[in-house]
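>>> turn this into a structure:
(one chain, ligands or ions: 2)
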Amino acid sequence: MANALIVIDMQNDFCPGGSLAVPHGDQIIDPINRLMQDFDAVILTQDWHPADHASFVDNHEGAEPFSVTQMPYGPQVLWPRHCVIGTPGAAFHRDLTVKRADMVLRKGFRAGIDSYSAFYENDHATPTGLAGYLRERGITQLSLVGLAHDFCVAWSAIDAARLGFATQVIEDACRAIDMDGSLAAARKAMRDAGVTLA
Ligand code: VGL
Ligand code: ZN
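Ligands and ions are numbered 1, 2, ... in the order given. Next up is the predicted model:
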């Protein structure tokens, strides 16, 4: 039985000064770096969008940032342009200990569909391959940290629990966007899915 720390989207665009900055997102970098020492494996995820990505508000004429539109796969929040492939905003924060990572998983790289979860794209059907990677390594216990608590961390944790991993979210090492009560809703959805909030 092995465990893994899954570090979600600790990228410049989600940190203060970035285009989709999560308040105080940089405060969790040191705690995450320290936590890495306690796990058999460390996996980093990286939000990684092409310039014409469907989640970018400026690709939808007249749309307001943070409004919700309907996509073939369900509702989609329209975000400010962020984490464009190869840009500085998509890079990991410079203080994150990337050397400790066994694997970097990129997600959201298809123009027509977003991927909040590290396990499935937002159609809840197209796998990223992470579950197979973890299972092949004999990893059964997952701890999740990172950004944003109420979007990519929550969606990843819910999928992980549904896939049968013993899953906890270390809330001190997460920060939320928290729009329209999204953090409270995400915490309830995580608990209902069997995720431990630590
Ligand atoms: C995220 C919004 C858009 C996240 C990624 O990492 O939580 N949120 N893309
Ligand atoms: Zn994104």
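
>>> which helix or strand contains the residue lying farthest from the centre of the chain?
The C-alpha centroid of the chain is most remote from residue 62, which lies 27.4 Å away (C-alpha atoms, centre = their mean). In this structure, residue 62 sits in neither a helix nor a strand according to DSSP states H and E.

>>> how about the helix ranked longest in the chain: buried residues?
Criterion DSSP state H: the longest helix present in the chain is helix 182-192. Within helix 182-192, the residues that qualify as buried by neighbour count (16 or more other C-beta atoms under 10 Å) are 182-183, 186-187, 190. C-beta: built from backbone N, CA, C; applies to glycine.

>>> how about stretch 66-77?
73, 76-77.

>>> so how far is that stretch from its chain's centroid?
Centre-to-centre, stretch 66-77 and its host chain are 18 Å apart (C-alpha atoms, centre = their mean, to the nearest Å).

>>> that stretch near ligand 1 at all?
No: Stretch 66-77 lies out of reach of ligand 1 by C-beta under 6 Å from any ligand atom, never closer than 6.9 Å.

>>> where does the residue nearest to residue 95 when sequence neighbours are not counted land in three-state SS?
Nearest non-adjacent residue to residue 95, counting by C-beta to C-beta, 6 or more residues apart in numbering: residue 29, 4.8 Å away. Classification of residue 29 using DSSP: H, G, I helix; E, B strand; the rest coil returns helix.

>>> what are the ranges of the strands in the chain?
In the chain, the strands defined using DSSP state E lie at 2-8, 41-47, 68-71, 74-77, 103-107, 139-147, 166-175, 196-197.

>>> in a markdown table, list those strands along with mean pLDDT.
Formatted as a markdown table, these follow (pLDDT from 0 to 100):
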| stretch | mean pLDDT |
| --- | --- |
| strand 2-8 | 99 |
| strand 41-47 | 98 |
| strand 68-71 | 97 |
| strand 74-77 | 96 |
| strand 103-107 | 98 |
| strand 139-147 | 98 |
| strand 166-175 | 98 |
| strand 196-197 | 98 |
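
>>> in TSV, list these along with distance to residue 86.
Shown next, in TSV, are those (distance: least, C-beta to C-beta, whole Å):
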stretch	distance to residue 86
strand 2-8	20
strand 41-47	11
strand 68-71	25
strand 74-77	23
strand 103-107	11
strand 139-147	20
strand 166-175	25
strand 196-197	35
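
>>> who's in contact with the longest helix of the chain?
149-151, 154, 157-158, 161, 169, 176-177, 197 (C-beta atoms under 8 Å, 6 or more residues apart in numbering).

>>> apply 7 Å and report the result again.
149-150, 154, 157-158, 169, 176, 197 (C-beta atoms under 7 Å, 6 or more residues apart in numbering).
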